[in-house]
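Novice: Sharing a model prediction with you, sequence too.
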Amino acid sequence: ITDRNYEDDGITQSPMNTLRANKKQGQLPPRSTRTLLLCVLSVLKNCDDELLKKWLISLKPNRINTLISIIKLCVSCFEYHPATEKNKVTNRSAEKAEEAKLKLEAMFMNDKGMRGRHLKQASTDQMSGSRGFTRNLHTAKTKPAENEGIDDPANEEEASESLVCAETSIVTLDTIELLVESGSVAEGGHVNLSSPLVSKILDVILLMMSSNQSIYVMRLVFATQRSVITKFPHIIFEEETDQCSSLCYHLLRHCASSIKEVREEAIASIYLLMRQNYESVGSFSRVKIQLTIALSRLRSDSSDTRKCNDAFLKRSLITLQNYAENDKELASTRFPEQVKEVSKNLFMIMRDTVRMNEVKQDKDSAMRIDLMYRIAKGYQNSPALRITWLKSMAKEHGENDQKCEAAMCYVHAAALISEYMYMVEHQPSLPQGCIAFKQISPNVLQECAVMDDVLKPDEDGMCTGGEFSEKGITNLLRQSADLLMESNMYESVDKVYNLLSKIYLSRRNNYYLGGLHRNLHTAYEKMYHMGKKRQMGCYFRVAFYGEKFNDLNGVTMIYKEKPFTKLPEIAHRLQNMYYEQFGDDFEFISDSKRFDFDMIDSYRAYVQVTYVEPYFEQYEKKYRKEDFEYSYNVDRFYYSTPFTHSGSAHGAVGEQFKRVTVLTTEFSFPYVKNRLQVVDIKERVMTPKQWYQRRVR
């Protein structure tokens, strides 16, 4: 494997020189490549471990790097492809000559060593119909039918190929273990494995995780992965963000496997990864962030259930929580609680994504927005993914002609980018985090970074991409300003332009500054001419009752609708939508009286709609005089219900009472969604005298 002087043996040219010469002329044919790789595997397999270890210790880093590249090529070249997938692999017939097949069988079917016995047993199990090898570790097992005999040439070829793949993987893992063991020796003039070499070893392990492997081999792969991470934790937790991301992705993918043994190994590796990260830096924020990103990748093509089986992934997340609860060493720390939070967050993202796909064709746009909002909230610690979902929400709002809500989505995205850019590098021209956007909407403060979870956003790979730049912020702010202009929110346009003008001034961009001031001039002119004729929207209380609504049962929402929307209009729309969904099990409640839960059938669906108006205290009314102020930063609404002590709704003047109900929402309007949940309800009864005094005023 190393160069030497071959002239003493009568050889005029070294094999390595021959390879170099062939490389200059062009690449070797596939058959020759496979034959050479088989020779390497044969030497590594049959060489004495102690002798091989001494040889590895004597190698220079560049030679070790070459060896790792060779064994990585072996894993890729001899990957197992079941018969059902062979049509997808090009030029496989040329690569599988009969001569190479005979060499493989002669080399690997011997009884020498523990590996040979394991592989023969695996081959026998597969031929007898056991689940020795899989088409994909997270899909249904691939095995021949019971009536197919082992003398079938196709079965023999299948078994031979799977056997070679398993043997290649085991030889590779043995070599990695010896490399790690020999590279860890720092005395006697031996050199430690450097970070780049350990990273290359991890690349080989990740390649094996992504390849088709037997269950037995996958157990060995997971064991080697845990061993390498334990010996070199700094590679994953301090240096290589990309490898941490890839490792979390493959581990989470195997957590969704239909094979129990694979799931158990994968979730054990994830728990150990969290535990080591926590013990290294006091938190496992990097692993948590990368797991969230990995779930997004798995869910990106939710139609392919082979990539992410929700039922199996849910079982794995439950197992993860059990590991944390039973870990006595860390029972007194916040680690078990944090593991539980991560598991819950991953499950909620997975559940909401599934529901999102189910309601894509429904007419309930408010539910789609709610699900997108919850998914975006689940990615709170992954800003790039949250921005993606905020943009998706803006697009959905735009299709529904909800321009103000779409503008708020862009404002929140810009605030989130500013927050993380401020953490990475302070730039005076850019907004100083979310606090700078408070003047546009106080809701943006929820985009503040969680400092306990986000320690090094630039190193954790969270602030990569074109959005995390000055250009990204300005594009989002300009989009929001245009939408606010279209929705007659001219005062908010001014506040957005205040942020933009600072950026343009610092860059001395007079062209954009001129356009900005022209737009402001237009906005103020429209404000002057429209006067008090502006309409920002109408608000309605919508209450849901009945178990058919699932998590909406007993929930009250405030809907923001287009200007001039009347109560019969929204009532008719909701009535048709839910009747189409529930049929005769749906009932619409037209009045605003109190709902008696004891008088309803819990298995039916009920919806109650009431017109509401923004509610302000007396001191607030002093500065809320314009239409914009009446509809901006509003989180309290009220409606009144007439009643008499006799039981009827209306009566004589002296008997007429009013029940005023004040509702407080979780956030203020306008927001990134057009309906907000009511979090507080207060009632007060007005006597006939108080009511008529108020009407006179």
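Specialist: That came through fine.

Novice: Next one, pLDDT for V493 please.
Specialist: At V493, the model reports a pLDDT of 93.

Novice: and it, what helix or strand is that in?
Specialist: For V493, the host element (DSSP states H and E) is helix 490-506.

Novice: How about residues contacting the very next helix or strand once past that helix?
Specialist: Using DSSP H and E, the helix or strand that follows helix 490-506 towards the C-terminus is helix 510-530. Here helix 510-530 makes contact (CB atoms under 8 Å, 6 or more residues apart in numbering) with A481, M485, N488, Y490, E491, V493, D494, Y497, L500, S501, Y504, L505. The way it works is simple: take the backbone N, C-alpha and C, and place the C-beta from them, glycine included.

Novice: again with stretch 396-409
Specialist: Stretch 396-409 is contacted by residues 365, 368-369, 372, 390-391, 393-395, 441, 443, 479-481, 483-484, 486-487, 489, 492, 536-537, 560, 562, 670-674 when judged by CB under 8 Å, 6+ apart.

Novice: Please write out the alpha-carbon positions of that stretch in CSV.
Specialist: What follows is stretch 396-409, C-alpha atoms only, in CSV (Å, rounded to 0.1, in the frame of the first residue of the first chain):
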residue,chain,number,x,y,z
GLU,A,396,-51.2,32.5,2.1
HIS,A,397,-52.4,35.8,3.4
GLY,A,398,-51.7,37.4,0.0
GLU,A,399,-53.9,34.8,-1.7
ASN,A,400,-56.7,35.6,0.7
ASP,A,401,-56.3,39.4,0.2
GLN,A,402,-55.2,39.9,3.8
LYS,A,403,-52.5,42.4,3.0
CYS,A,404,-52.0,43.8,6.5
GLU,A,405,-51.4,40.3,8.0
ALA,A,406,-49.0,39.5,5.1
ALA,A,407,-47.1,42.7,5.9
MET,A,408,-46.8,41.7,9.6
CYS,A,409,-45.2,38.4,8.5
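
Novice: if we can go back for a sec, out of the contacts of helix 510-530, what pair is the most spread apart?
Specialist: With CB to CB as the measure, no two of those lie farther apart than N488 and L505, at 27.6 Å.

Novice: picking that back up, quick check: ChimeraX command selecting the buried ones in the contacts of helix 510-530.
Specialist: Burial among those is assessed by 16 or more other CB atoms under 10 Å; the matching ChimeraX selection reads:
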select :481,485,488,490,491,493,494,497,500,501,504
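
Novice: got the contacts of helix 510-530 as TSV, with distance to S42 columns?
Specialist: Converted to TSV, the contacts of helix 510-530 look like this (distance: CB to CB, whole Å):
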residue	distance to S42
A481	69
M485	73
N488	78
Y490	78
E491	78
V493	73
D494	76
Y497	72
L500	67
S501	71
Y504	68
L505	70
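
Novice: How are the helices of the stretch 351-500 of the chain distributed by residue range?
Specialist: 365-378, 383-399, 403-424, 470-486, 490-506 (DSSP state H, counting those that start in this stretch).

Novice: name the element the residue most central in space within the chain belongs to?
Specialist: With distances taken as CA atoms, centre = their mean, the residue of the chain nearest its centroid is S296 (2.8 Å). Secondary-structure assignment from DSSP H and E places S296 in helix 285-299.

Novice: can you pull the buried residues of that helix?
Specialist: 285-299.

Novice: Give the rounded mean pLDDT of it.
Specialist: Average pLDDT, helix 285-299: 86.

Novice: list the helices and strands that helix packs on?
Specialist: helix 241-255, helix 260-281, helix 335-358, helix 383-399 (3 or more CB pairs under 8 Å, 6 or more residues apart in numbering; DSSP states H and E).

Novice: so it versus helix 260-281, what angle?
Specialist: Angle between the axes of helix 285-299 and helix 260-281 is 150 degrees (criterion: axes from the mean of the first three to the mean of the last three CA atoms, to 10 degrees).

Novice: So among the contacts of stretch 396-409, which ones count as buried?
Specialist: 365, 368-369, 372, 390-391, 393-394, 441, 443, 479-481, 483-484, 487, 489, 492, 536-537, 560, 670-674.

Novice: Deepest in the core, which of the helices of the stretch 351-500 of the chain is it.
Specialist: Most buried of the helices of the stretch 351-500 of the chain, by mean neighbour count (mean count of other CB atoms under 10 Å): helix 403-424, with a mean of 26.

Novice: Just give me how far that helix sits from the chain centre.
Specialist: Per CA atoms, centre = their mean, to the nearest Å, the displacement of helix 403-424 from the mean C-alpha position of its chain is 19 Å.

Novice: start the count at 44, not 1, going forward
Specialist: New numbering, starting at 44: the last item is helix 446-467.

Novice: Can I take it that R727 is in a helix?
Specialist: No: looking at R727 with DSSP: H, G, I helix; E, B strand; the rest coil, it is strand, so not inside a helix.

Novice: how about the nearest residue to it once chain neighbours are set aside, secondary structure?
Specialist: In space, and not counting its chain neighbours, R727 is closest to V703: 5.5 Å by CB to CB, 6 or more residues apart in numbering. With three-state DSSP as the basis, V703 sits in strand.

Novice: Contact partners for V703?
Specialist: Listed by CB under 8 Å, 6+ apart, the contact partners of V703 are Y681, Y682, S683, E726, R727, V728, M729.

Novice: And it, how far from V652?
Specialist: 18 Å (CB to CB, to the nearest Å).

Novice: what does Q733 give?
Specialist: As defined by CB to CB, Q733 lies at a distance of 27 Å from V652.

Novice: do V722 as well
Specialist: According to CB to CB, V722 stands 19 Å off from V652.

Novice: shaky segments in the stretch 344-493 of the chain?
Specialist: 344-351, 403-405, 492-493 (pLDDT under 70).

Novice: Which of the helices or strands spans C82?
Specialist: Using DSSP H and E, C82 maps to helix 73-89.

Novice: and that helix, what does it pack onto?
Specialist: With contacts defined as 3+ CB pairs under 8 Å, 6+ apart, the packing partners of helix 73-89 are helix 104-120, helix 135-138, helix 141-151, helix 196-226.

Novice: so the last one versus helix 73-89, what angle?
Specialist: Angle, helix 196-226 to helix 73-89, by the same axes, to 10 degrees: 50 degrees.

Novice: Quick one: mean pLDDT for helix 196-226?
Specialist: Helix 196-226 shows a mean pLDDT of 81.

Novice: Could you check that helix and say which residues are buried?
Specialist: Using 16+ other CB under 10 Å as the test for burial, helix 196-226 gives 198, 201-223, 225-226.

Novice: ok, now the first one?
Specialist: For helix 104-120, the neighbour count (16+ other CB under 10 Å) marks I107, L110, I111, I113, I114, K115, L116, C117, V118, C120 as buried.

Novice: Correct me if wrong, but Y714 is in a strand.
Specialist: No: applying three-state DSSP, one finds Y714 to be coil, outside a strand.

Novice: Just confirm it contacts P485, I think it does.
Specialist: No: Y714 is not in contact with P485 according to CB atoms under 8 Å; the separation is 10.3 Å.
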